[in-house]
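**Q** Starting from these lines, generate the structure:
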Amino acid sequence: MNTLGEKIRRLREEKEMTLLELEKLSGVRAGTTSDIERGRIKSPAFDTVVSLSNALGVSPIYFCDKRNINIEEDKKVLSVLSDDIKRSLLEDDFLPYLVIIQKAYKKCIPSKFIKTVIEALEAGIDRRIKEED
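**A** All right, here's what the predicted structure looks like:
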């Protein structure tokens, strides 16, 4: 159940969004998204997943997790992150942190621990910004 394609379609339909509207927001071709939704593409490129997740307002981890995640809870987590953190998480040097968080979710590591990791990331980014100034 809850395949990548099913999750994308459910989010898109909840937002009453057409494939073409999602294409405009994400930059991912409507045909590609349709193929993902129908299960024709089972493992799209990571940047495709990131683009779709940004357009649909969820974290990329939401699509990687096999469990049912409460979308509202996911949005709460994203809402507490600063724009700097959100941008930085999508930079190449922060992708390993996304993998760590994804693995933590899959192993059912408590969200408090994941929050601690995010706070540590935030502190590191703050330090890096101060060093650049």
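**Q** which residues touch stretch 18-25?
**A** Contacts with stretch 18-25, where a contact means CB atoms under 8 Å, 6 or more residues apart in numbering, come from 12, 17, 28, 29, 30, 33, 34, 52, 55, 56. C-beta coordinates here come from the backbone N, C-alpha and C atoms, glycine included.
**Q** Go again with 10 Å.
**A** 8-9, 11-12, 15, 17, 28-34, 37, 51-52, 54-57 (CB atoms under 10 Å, 6 or more residues apart in numbering).
**Q** Buried only: go through these for me.
**A** Neighbour counting with 16 or more other CB atoms under 10 Å marks 8-9, 11-12, 17, 28, 32-34, 37, 51-52, 54-56 as buried within these.
**Q** mind giving me the domain split of this protein?
**A** The chain breaks down by automatic domain parsing into domains covering 1-66, 81-133.
**Q** Rebuild those as JSON lines, extending it with mean pLDDT.
**A** JSON lines is the format used below for the domains of the chain (pLDDT from 0 to 100):
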{"stretch": "domain 1-66", "mean pLDDT": "88"}
{"stretch": "domain 81-133", "mean pLDDT": "69"}
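**Q** With respect to burial, which of the ones you listed scores highest?
**A** Here the criterion is mean neighbour count by mean count of other CB atoms under 10 Å, and of the domains of the chain the winner is domain 1-66, at a mean of 17.
**Q** name the element residue 55 belongs to?
**A** helix 46-56 (DSSP states H and E).
**Q** And the very next helix or strand once past that helix, what does it pack against?
**A** Note on helix 46-56: by DSSP H and E, the next helix or strand toward the C-terminus is helix 60-64. Where contact means 3 or more CB pairs under 10 Å, 6 or more residues apart in numbering; DSSP states H and E, helix 60-64 is packed against helix 4-14, helix 46-56, helix 71-80, helix 95-106.
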